[in-house]
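S.K.: Okay, here's the prediction I keep looking at, along with the sequence it came from:
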Amino acid sequence: MTDLTRIPAPDGVAAAAQYSHVVMGTGRFVAVSGQLALDEDGKLIGEGAPAAQAHQIFENLRRCLAAASAVQVASLVRPEFLMEIEAFAVLPS
């Protein structure tokens, strides 16, 4: 069985009540939970503003990856995916 290391709340990411944001295993295994547009205090960023929400979500993802020492991957994180196609119009190219 693989030993797992859990990081409940990386620096700058609001803690979740029921889960860890990052779980690391042996080798290069890193699992990151789905992220929300919450700041480190758990307050919603960008209500009604998809671009601001995307920025916060991807910043949280970058922080999670950095906490797992996935620094090279973390440096590549950019807000390029949203569920609602209408939101693409507000993202910078």
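M.R.: That came through fine.

S.K.: Show me the helices in this protein, by range?
M.R.: 50-67, 71-74 (DSSP state H).

S.K.: Low-confidence stretches in the chain?
M.R.: Across the chain, the ranges flagged by pLDDT under 70 are 1-2, 74-93.

S.K.: can you list the helices of the chain in TSV and add distance to Leu4 and mean neighbour count?
M.R.: C-beta here means a position set from N, CA and C on the backbone, and glycine is covered the same way. Shown next, in TSV, are the helices of the chain (distance: least, CB to CB, whole Å; neighbours: other CB atoms under 10 Å):
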stretch	distance to Leu4	mean neighbour count
helix 50-67	14	20
helix 71-74	19	12
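
S.K.: okay, those in a markdown table with distance to Val30 next?
M.R.: Below are the helices of the chain laid out as a markdown table (distance: least, CB to CB, whole Å):
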| stretch | distance to Val30 |
| --- | --- |
| helix 50-67 | 7 |
| helix 71-74 | 8 |
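
S.K.: what's the closest of these to His21?
M.R.: Nearest to His21 among the helices of the chain is helix 50-67 (5.2 Å), distances taken as CB to CB.

S.K.: Let me see the contact set for the closest residue to Gly46 other than its chain neighbours.
M.R.: Once flanking residues are discounted, Gly46 sits nearest to Ala52: 2.7 Å by CB to CB, 6 or more residues apart in numbering. Applying CB atoms under 8 Å, 6 or more residues apart in numbering to Ala52 gives the contacts 37, 45-46.

S.K.: and what of Leu36?
M.R.: The contact partners of Leu36, taken as CB under 8 Å, 6+ apart, are 44, 57, 60.

S.K.: cool, and Arg63?
M.R.: Per CB under 8 Å, 6+ apart, neighbours of Arg63: 10-13, 74.
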